[in-house]
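Student: Any chance you could fold what I've pasted below:
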Amino acid sequence: MPEIIFKYFPSLSALQKEQISGLKPLYDEWNSKINVISRRDMDNFYIRHVLHSMAIARVFAFRPGSRILDAGTGGGFPGIPLAILFPESEFSLLDSTGKKIKVAGSVADALRLKNIRLINKRIEDEKGKYDFISGRAVTEFNTFVKLTGKNLEKTRAGEPGNGIIYLKGGDCGKEPGKYGDQVKIWDIKNFFSEDFFETKRIIFLAESAIRHPKP
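Tutor: Residues are numbered from 1 along each chain as shown. Modelled structure (predicted):
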């Protein structure tokens with residue numbers, strides 16, 4: 001039920017609440033046609049997909065005009081929930097699987113989200129530059145950095161640092177790799193009390209660290 005979202009994000013506008021409430025019926029409809037989300041996850045849709053995606057907003061507040069690439073978005077996570085939260089930021093949802101992009105586009109259209117752009121290609125082939133890149137358990141973190149680091153816009157003087165924001169579960173001990181303490185990690189269990197988040201984390205690597213890794 002969407003009430004779990006409203007509990008943690010009590011300042012949502014009426015439109016945002018309407019859009020969040022509309023998510024599950026739309027994904028239910030698509031899931032009856034193609035298997036976008038597992039049945040088990042659909043039974044816990046608002047916790048495992050929507051709230052998990054929105055955990056990023058507990059750490060990052062995207063500025064108006066910020067450009068975010070959601071790489072390997074699948075059916076639209078975390079991109080679509082974040083686009084609802086940050087209507088003045090621009091979200092590009094990228095996935096190499098056409099049917100998944102079709103689902104994400106249909107959901108965005110139904111919710112009248114004007115800040116979403118769809119990209120059906122492999123991340124290796126994407127040339128655009130973005131302020132932030134988001135991903136959710138697409139691959140091992142350092143591999144994700146290798147694939148997407150080229151798409152980060154250099155941080156402009158006087159602005160908060162651009163970078164890669166990654167949602168990951170399980171042991172993150174090896175995730176920092178060569179970047180070591182340049183990687184920042186937040187435990188989502190500190191934001192939300194549900195058991196699902198016990199081992200879920202947000203990982204951030206600044207664009208400057210990718211350009212200048214410590215020896």
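Student: Does the closest residue to L94 other than its chain neighbours lie in a helix or a strand, and which?
Tutor: Distances taken as Cβ to Cβ, 6 or more residues apart in numbering place I119 nearest to L94, at 4.1 Å, with adjacent residues excluded. C-beta here means a position set from N, CA and C on the backbone, and glycine is covered the same way. With secondary structure defined by DSSP states H and E, I119 is part of strand 116-120.
Student: So what's the gap between that strand and the chain middle?
Tutor: With Cα atoms, centre = their mean, to the nearest Å as the basis, strand 116-120 stands 14 Å off its chain's centre.
Student: what mean pLDDT does it have?
Tutor: In this model, strand 116-120 has an average pLDDT of 98.
Student: and it, C-alpha only, in PDB?
Tutor: Written as PDB, here are the backbone C-alpha positions of strand 116-120 (Å, rounded to 0.1, in the frame of the first residue of the first chain):
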ATOM      1  CA  ILE A 116      11.500  11.600 -18.100                       C
ATOM      2  CA  ARG A 117      13.400  10.700 -21.300                       C
ATOM      3  CA  LEU A 118      13.700   7.100 -22.600                       C
ATOM      4  CA  ILE A 119      16.900   5.600 -24.000                       C
ATOM      5  CA  ASN A 120      16.900   2.100 -25.500                       C
END
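Student: Moving C-terminal from it, which element do we reach first?
Tutor: Immediately after strand 116-120, counting by DSSP H and E, sits strand 132-136.
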